[in-house]
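[1] Starting from these lines, generate the structure:
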Amino acid sequence: MGEVEEKSKDIIKCTAEKLSVDEASQLVISPMCGAVSLFVGTTRNNFEGKKVISLEYEAYIPMAENEIRKICSDIRQKWPVKHIAVFHRLGLVPVSEASIVIAVSSAHRAASLAAVSYAIDTLKAKVPIWKKEIYEESSSAWKRNKECFWTTTDESHILEH
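    The predicted structure is shown next:
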């Protein structure tokens, strides 16, 4: 009964370092919460029949972190969550390694599960992070997220080389 109210935290990290799912999970754990929900996005080894060997991410970090902060704020308006961690990897991300980790804690699972889903969908649509797929046959292509609000149906801006 005499416990001090724990302040909510938003932890945002854009880094070239390998992401730690355990670190993200540990950062959002709270004695007030019975749920921690996680989303981990990894590099898959194929895209439209081409063998992918890695992804490369670039971002304008101040703008990307600001947009992620807005997403955290939106989540707090929609659901009763405690802590939010969003880690995004930049640079080369080999197959099977994580490019994004999102962790959210809440008293009950419904809020954290909904928040994690909203976070990844909104991040892909609004945050200025660009992805380049690197293929086995030594070609590559910068990709747009189909969810991005600034994209059009004209794909002539996608560079293949």
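[2] tell me the pLDDT at the residue nearest the centre of the chain?
    Nearest to the mean C-alpha position of the chain, counting by Cα atoms, centre = their mean, stands Ile100 at 4.0 Å. If you check Ile100, the pLDDT there is 98.
[3] Can you give me the separation between it and Leu113?
    Ile100 sits 17 Å away from Leu113, going by Cβ to Cβ, to the nearest Å. Glycine gets a C-beta too; all of them are placed from N, C-alpha and C.
[4] How about the contacts made by the residue nearest to the centre of the chain?
    Applying Cβ atoms under 8 Å, 6 or more residues apart in numbering to Ile100 gives the contacts Leu19, Phe39, Val40, Gly41, Val86, Phe87, His88, Arg89, Ile120, Leu123.
[5] Nearest to Lys9, out of these: which one, please.
    Lys9 has its nearest neighbour among those in Val86, at 11.5 Å by Cβ to Cβ.
[6] Identify the bridge partners of that closest one.
    Ile12, Ile102 (DSSP bridges).
[7] ok, back up a step: list the buried residues in the helix or strand the residue nearest to the centre of the chain falls within.
    Secondary structure assignment for Ile100, by DSSP states H and E: strand 98-106. Burial within strand 98-106, assessed by neighbour count using 16 or more other Cβ atoms under 10 Å, is assigned to Ala98, Ser99, Ile100, Val101, Ile102, Ala103, Val104, Ser105, Ser106.
[8] Report the two members of the residues you listed separated by the largest distance.
    Maximum pairwise distance in the buried residues of strand 98-106, criterion Cβ to Cβ, is 24.4 Å, between Ser99 and Ser106.
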